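*Asks:* need a 3D model of the sequence below.
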Amino acid sequence: MSWRPCISNLICDFILKKLFNSGAAWEDIVGYSRAVLCNNQLEVSGTTAVENSEVLYPGDPYLQTKCILEKIKVVLEQAGSSLEDVVRTRIYVTDIAHWEAVGRAHGEFFSSIKPACTMVEVSALIDPKLLVEIEASAILS
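*Replies:* Residues are numbered from 1 along each chain as shown. Okay, here's the model as predicted:
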């Protein structure tokens, strides 16, 4: 963790920023972190059902979504957070016709938490076998 001063509206605040990385080669190539914790706000990057460069559950949007949400749960826990702290999810699907399967999996994780949520169809993800990508924002309590 690192402290860096920030002057905002002539008031001196301190921002605590911590980066979480998965070790994926893309993080260095593209220049991003798996998640970034800034004070008590955690932003989780777009997450897909990929492990060791292999797409998991090709053709199954429900299982890809479950896999993705498990991965998000892990990084939340690494940051000292949990699913209960999630305030927003953003879901990108390559076919909006999959909304029910994706929504059912999302509901299994968030039915009692009910974060703000957006689901949109995109023309493609980085691999044609990927059907779903999810981002999450959490406020740590």
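*Asks:* you'd agree residue 50 is up against residue 130?
*Replies:* Yes - the pair residue 50 and residue 130 passes the contact test of C-beta atoms under 8 Å, sitting 7.3 Å apart. All C-beta spots, glycine's among them, are computed from the backbone N, C-alpha and C.
*Asks:* can you give me the strands in the protein?
*Replies:* Listed in chain order, the strands found in the chain under DSSP state E are 2-8, 11-20, 35-38, 41-47, 50-51, 54-55, 86-93, 116-121, 132-139.
*Asks:* among these, which comes closest to residue 62?
*Replies:* Nearest to residue 62, of all these, is strand 132-139, at 9.2 Å by C-beta to C-beta.
*Asks:* buried residues of that closest one, list them for me.
*Replies:* For strand 132-139, the neighbour count (16 or more other C-beta atoms under 10 Å) marks 132, 133, 134, 135, 136, 137, 138 as buried.
*Asks:* same check on stretch 42-53?
*Replies:* Within stretch 42-53, the residues scored as buried using 16+ other C-beta under 10 Å are 42, 44, 45, 47, 48, 49, 50.
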